[in-house]
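Trainee: Build the 3D model from these lines:
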Amino acid sequence: MNNHHAALWSASLPPTGERPYRITHHQRTKQRVNRQEPQERQQRQQQQEQQQLQWERLHHLEKWTWEEELDGGGNAPFIRCPPPLNLIEEEDKTTDDMETFEEDSLNIIFGKKQIVAVRVVMSVPDNVSAVRTAVVVTHGTGGDVNLKRLVSLARVLASNGLLCLRFTCKGLNLVYRVKAYNAVLEHLKYLKKFTIRQIFFVGRSLGARAASALARQLSVRPEDAVAGLVCLSFPLHPPGQTHGHRQRSEDLRGLPTEVPVLFLSGTADNMCEKILLEDVVKEMRCPTTVRWVEGGNHGLIVKGRTEESVQDELNAHVLSWILERIA
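Mentor: Predicted coordinates:
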């Protein structure tokens, strides 16, 4: 990041004393990304994921856990966010099928009793002055900011003029996830370089539960309500335990009419039985759209289809749904 960019970034932030958090490890890279990600980038991303896994094993961190332990009771294990991985700068290639945008990387640190580090990557469209809509995206239980599906979605959104923040929070308790989501949202509101009028939440699995919980909390004040919520593979119940769907759908059923919701789930998802989600949708007060990925499991993997074709379908659904609501 050169001095000019650093000055612009610093000017966009409020004085430190006005922020309920602090920021570390800020980086910026300008990327020119092909919609069909090159094989070389995928290999580098796999290397990053292996490095992170090795770091977690070295520090005896438990990356995966069952969803049924994460209902916000306060007893689920808490994991600090690993140090941010170095961003890989893309080669400056210029072809007609590529879109240019910038990505900023930073850590948001908040909390009193337990300090939480949340890694954020912000995909910024080239035309900053035209940005009016922001999308905040987060992962599920075992993912992070580098989750391939969310990286792809974020870059499609940024390529179409939407500011996108995706973040990692390794807290495996729903309460911590909601707090982390809110911290990222507060940071977004403090950014003076953008004129944001609508904010959408996108969450995958446990991230969708956190997004719906925060969306419901914010809806108490109409001026704070989000413009919409996208739930990717909403974990309506633990595997084989469908009786848990009432508790997990409480925030969804509590959303007001002003917060539309898009569900994207697989018909073979063992954590979201189709008939149960359809019943929940009937009880919801807000406008809802449900898109089923035929044969998709909880990870939205479909036997007989390439991962890229499924991802293109998901990206198209999310992008068109958001654009329809900001038109």
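Trainee: okay, stretch 151-170 in PDB with CA atoms only?
Mentor: C-alpha atoms of stretch 151-170 as PDB (Å, rounded to 0.1, in the frame of the first residue of the first chain):
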ATOM      1  CA  VAL A 151     -14.400 -15.600  -1.900                       C
ATOM      2  CA  SER A 152     -16.100 -16.300  -5.200                       C
ATOM      3  CA  LEU A 153     -19.300 -14.700  -4.100                       C
ATOM      4  CA  ALA A 154     -17.500 -11.600  -2.700                       C
ATOM      5  CA  ARG A 155     -15.700 -11.000  -5.900                       C
ATOM      6  CA  VAL A 156     -18.800 -11.400  -8.100                       C
ATOM      7  CA  LEU A 157     -20.600  -8.800  -5.800                       C
ATOM      8  CA  ALA A 158     -17.600  -6.400  -6.000                       C
ATOM      9  CA  SER A 159     -17.400  -6.800  -9.700                       C
ATOM     10  CA  ASN A 160     -21.000  -5.600  -9.900                       C
ATOM     11  CA  GLY A 161     -20.500  -2.500  -7.800                       C
ATOM     12  CA  LEU A 162     -21.300  -3.800  -4.300                       C
ATOM     13  CA  LEU A 163     -18.900  -3.300  -1.400                       C
ATOM     14  CA  CYS A 164     -18.400  -6.700   0.200                       C
ATOM     15  CA  LEU A 165     -16.800  -7.500   3.600                       C
ATOM     16  CA  ARG A 166     -16.200 -11.100   4.500                       C
ATOM     17  CA  PHE A 167     -14.800 -12.000   7.800                       C
ATOM     18  CA  THR A 168     -13.300 -14.900   9.900                       C
ATOM     19  CA  CYS A 169     -14.400 -15.400  13.500                       C
ATOM     20  CA  LYS A 170     -13.200 -18.600  15.200                       C
END
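Trainee: Tell me the buried residues in that stretch?
Mentor: Residues 151-170 are the ones in stretch 151-170 that count as buried (16 or more other CB atoms under 10 Å). Just so you know, the C-beta spots here come from the backbone N, C-alpha and C atoms, and that holds for glycine as well.
Trainee: now swap in stretch 267-278 and tell me
Mentor: Buried residues in stretch 267-278 (16+ other CB under 10 Å): 268-269, 271-273, 277.
Trainee: Wasn't Leu262 part of a helix?
Mentor: No - Leu262 is assigned strand when assessed by DSSP: H, G, I helix; E, B strand; the rest coil, not a helix.
Trainee: So which elements touch the helix or strand hosting Arg119?
Mentor: Using DSSP states H and E, Arg119 sits in strand 116-125. Applying 3 or more CB pairs under 8 Å, 6 or more residues apart in numbering; DSSP states H and E, we find strand 116-125 packed against strand 98-110, helix 148-159, strand 163-168, helix 174-190.
Trainee: least reliable of these going by mean pLDDT?
Mentor: Sorting the helices and strands packed on strand 116-125 by mean pLDDT places strand 98-110 lowest, at a mean of 75.
Trainee: residue contacts, Thr195?
Mentor: 129, 131-132 (CB atoms under 8 Å, 6 or more residues apart in numbering).
Trainee: one step back: of the buried residues of stretch 267-278, which is the nearest to Thr242?
Mentor: Glu273 (5.7 Å; CB to CB).
Trainee: do you know how far the nearest residue to that closest one once chain neighbours are set aside is from Val118?
Mentor: Residue nearest to Glu273 in three dimensions, not counting chain neighbours: Thr242, with 5.7 Å by CB to CB, 6 or more residues apart in numbering. According to CB to CB, to the nearest Å, Thr242 and Val118 sit 32 Å apart.
Trainee: Neighbour count: the two, which is higher?
Mentor: Val118 (26 against 16; other CB atoms under 10 Å).
Trainee: The more buried one against Tyr176, yeah?
Mentor: No - using CB atoms under 8 Å, Val118 is not in contact with Tyr176, being 10.0 Å away.
Trainee: Touching both of the two, which residues are there?
Mentor: Cys169.
Trainee: Report pLDDT for Thr74.
Mentor: Residue 74: Gly, not Thr. 37.
Trainee: phi, psi of Leu206?
Mentor: Backbone torsions of Leu206, given as degrees, to the nearest 10, read phi -60, psi -30.
Trainee: Keeping just the C-alphas, turn the strand holding Arg119 into CSV.
Mentor: Extracted in CSV, the C-alpha atoms of strand 116-125 (Å, rounded to 0.1, in the frame of the first residue of the first chain):
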residue,chain,number,x,y,z
VAL,A,116,-11.7,-11.4,19.9
ALA,A,117,-9.7,-10.9,16.8
VAL,A,118,-11.9,-10.9,13.6
ARG,A,119,-10.1,-11.0,10.3
VAL,A,120,-11.8,-8.9,7.6
VAL,A,121,-11.2,-8.8,3.8
MET,A,122,-13.0,-6.0,2.1
SER,A,123,-13.6,-6.2,-1.7
VAL,A,124,-14.0,-2.7,-3.0
PRO,A,125,-15.4,-1.8,-6.5
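Trainee: Direction included, what does that strand pair up with?
Mentor: Pairing partners of strand 116-125, with direction, according to DSSP bridges: strand 98-110 (antiparallel), strand 163-168 (antiparallel).
Trainee: on that earlier part again, next, format the buried residues of stretch 267-278 as a markdown table and append pLDDT and secondary structure.
Mentor: A markdown table is the format used below for those (pLDDT from 0 to 100; DSSP: H, G, I helix; E, B strand; the rest coil):
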| residue | pLDDT | secondary structure |
| --- | --- | --- |
| Ala268 | 97 | coil |
| Asp269 | 96 | coil |
| Met271 | 95 | coil |
| Cys272 | 96 | coil |
| Glu273 | 96 | coil |
| Leu277 | 97 | helix |
